[in-house]
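>>> please find the sequence and the predicted model below.
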Amino acid sequence: MGKIFGIMVLLGVPLSVAGSVLHWSSILMFGIYCLTIIALSSYMGRATESLAIVAGPRIGGLLNATFGNAVELIISIFALKEGLVEVVLASLTGSVLGNLLLVAGLSFFLGGVKYKRQTFNVHDARHNSGLLMFAVIVAFVIPEIFAMNMNDTKTISLSIGVSIILIVLYLAALFFKLVTHRGVYVSQDENVEADHEEPEWSRKKAIGILFAATIAVAYVSEGLVHTFEAVGESFGWSELFIGVIIVAIVGNAAEHASAILMAMKNKMDVAVEIAIGSTLQIAMFVAPLLVLLSLLFVEPMPLVFTIPELVSMVTAVFLAIVISNDGETNWFEGLTLLAAYFIMGIGFYLL
């Protein structure tokens, strides 16, 4: 599989440059850009996996989520520059749904097919549940309710205030998990799992590949954003569907692959940290950061979602919490998460 992605990168990056210079068909370029970003994301995933072996499951999962979300952050910044606020908000919704339902669902399902019962750190699961409740249900629902009785200026001011609070709390959560309470809530499985697996790449090589892949993704993402309008008109896709499904899947390809791979190796602490940790990072850091960055562009982005987006995210949070709060999972629970994702996908397609 690694050779296939290598060929895709070697072909995709030059074709992306050539297509943008020669103005090839937007639909053709949309396909090239998407496949190239997915291939580049696989290298980012392999690099962070190598770093995870050295740094441990928590930091490894955090690194994987961070660099996976970096792809979406880059795509969203270029989309904001083009004034595609609805696409950005939809892609944030898609990331929350994709990580909680698609990534976690596939990880639980495929891991559960191989192992009848898989366990992970229940303390982390419960800690993350509280943060998910806060990030999505409190920080996303409250602005929606208050914005109904506010003008645009006050809505932006509210969004800025909420965004700053979210970023501060997210940094405090990292400080809690990685500094003040590091090692306090370690499960027996984590201690057993600490085998001497050899990383694929050295630390320097992994960091170098991460840096190069991120630069390449930034270039390709700018071209991808310019194809949205033409692709939407050609296929009859709404901006909502493009953001929730297409951009979210492409932008989060790195953690999709990594979480599934970890689950297949029965490393559920890393898999769950990628899926849930990535969701928290999107909701508590990426989304508020985009609100603040949007102030630099012509059209600022409020932290206000549509009702279908909001209801879908709240539903996904409740379902993920109910399934993961006991610290163990199986293939049927994974299938339940996947079923919820496909139901929501059909709904967004038909909107």
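Looks like it came in fine.

>>> any idea how far the residue lying closest to Ile276 once chain neighbours are set aside is from Met284?
Among residues not flanking Ile276 along the chain, Asn128 sits closest, at 4.6 Å (Cβ to Cβ, 6 or more residues apart in numbering). Where C-beta positions appear, they are placed from N, C-alpha and C, glycine not excepted. In this view, Asn128 and Met284 are 11 Å apart by Cβ to Cβ, to the nearest Å.

>>> would you map the strands across the stretch 51-200 of the chain?
Counting by DSSP state E, counting those that start in this stretch, the stretch 51-200 of the chain has these strands, from start to end: 118-119.

>>> hang on, the residue nearest to Ile276 packs against Ala275?
No - assessed by Cβ atoms under 8 Å, Asn128 is found out of contact with Ala275, at 9.7 Å.

>>> the more surrounded of these two?
Ala275 (34 against 25; other Cβ atoms under 10 Å).

>>> what sits closest to that one if chain neighbours are left out?
For Ala275, the closest residue by Cβ to Cβ, 6+ apart turns out to be Ala104, at 4.1 Å.

>>> what are the ranges of the helices in the stretch 1-150 of the chain?
2-22, 26-55, 57-81, 85-97, 104-114, 122-132, 141-147 (DSSP state H, counting those that start in this stretch).

>>> select, out of those helices, the one closest to Val231.
helix 26-55 (4.8 Å; Cβ to Cβ).

>>> burial measure for Phe285, as a count.
When neighbours are counted by other Cβ under 10 Å, Phe285 registers 22.

>>> please apply the same query to Ser159.
By the measure other Cβ under 10 Å, the count of residues near Ser159 is 23.

>>> hmm, Ile142 and it touching each other?
No - here Ser159 lies out of contact with Ile142, judged by Cβ under 8 Å, at a distance of 10.8 Å.

>>> quick one on the thing from earlier: the residue nearest to Ala275: neighbour count?
32.

>>> please shift the residue numbers so they start at 683 in all later answers.
Got it, the first residue is 683 from now on, which makes the last one we talked about Ala786.

>>> my read: it touches Thr1018, true?
No - taking contacts as Cβ under 8 Å, Ala786 lies outside contact range of Thr1018: 10.5 Å.

>>> now Leu814: closest residue in space, sequence neighbours ignored.
Val999 (5.0 Å).

>>> hmm, I was thinking of Ile847
Ala821 (7.5 Å).

>>> got a pLDDT number for that neighbour?
Listed pLDDT for Ala821 reads 85.

>>> so how far is Ser841 from it?
10 Å.

>>> which neighbours do these two share?
Leu985 (Cβ atoms under 8 Å, 6 or more residues apart in numbering).

>>> confirm Val952 sits in a helix?
Yes - per DSSP: H, G, I helix; E, B strand; the rest coil, Val952 lies within a helix segment.

>>> my read is that it contacts Ala734, right?
Yes - Val952 lies in contact with Ala734 (Cβ under 8 Å); the separation is 6.3 Å.

>>> burial count for the closest residue to Ser884 other than its chain neighbours?
The shortest distance from Ser884 to any non-neighbouring residue, by Cβ to Cβ, 6+ apart, is to Ser732 (7.7 Å). Other residues near Ser732 come to 23 when the count uses other Cβ under 10 Å.

>>> now do the contacts for Ser732.
Pro881, Glu882, Trp883, Ser884, Arg885, Lys887, Ala888.

>>> got it, and Met950?
Ser789, Gly793, Gln800, Thr801, Phe802, Asp871, Met944, Thr1011.

>>> out of the contacts of Ser732, which are buried?
Among the contacts of Ser732, the ones that count as buried by 16 or more other Cβ atoms under 10 Å are Pro881, Trp883, Ala888.

>>> and the pLDDT for the last one?
To tie it back to what came earlier, the one meant is Ala888. 85.

>>> for the helix or strand encompassing it, buried residues please.
Assigned by DSSP states H and E, Ala888 belongs to helix 885-917. Residues 888, 891-892, 895, 898-900, 902-910, 913-914 are the ones in helix 885-917 that count as buried (16+ other Cβ under 10 Å).

>>> report the angle between that helix and helix 767-779.
Here the directions of helix 885-917 and helix 767-779 differ by 120 degrees (axes from the mean of the first three to the mean of the last three Cα atoms, to 10 degrees).

>>> okay, angle between helix 885-917 and helix 739-763 too, please.
40 degrees.

>>> any idea which element the nearest residue to Tyr1031 once chain neighbours are set aside lies in?
Excluding the flanking residues, the one nearest Tyr1031 by Cβ to Cβ, 6+ apart is Phe923, at 5.4 Å. Assigned by DSSP H and E, Phe923 falls within helix 921-923.

>>> same thing with Val980?
Going by DSSP H and E, Val980 is not in any helix or strand.

>>> sorry, back to before: so what does the helix holding Ala888 touch, helix or strand wise?
helix 684-704, helix 708-737, helix 739-763 (3 or more Cβ pairs under 8 Å, 6 or more residues apart in numbering; DSSP states H and E).

>>> what about the residue lying closest to Glu768 once chain neighbours are set aside, distance to Met946?
The shortest distance from Glu768 to any non-neighbouring residue, by Cβ to Cβ, 6+ apart, is to Glu921 (4.8 Å). Going from Glu921 to Met946 by Cβ to Cβ gives 35 Å.

>>> what of Ala747?
Taken as Cβ to Cβ, the span from Ala747 to Met946 is 18 Å.

>>> pick out whichever of these two has more residues nearby.
Between Ala747 and Met946, Ala747 has the larger neighbour count (other Cβ under 10 Å), namely 27 against 15.
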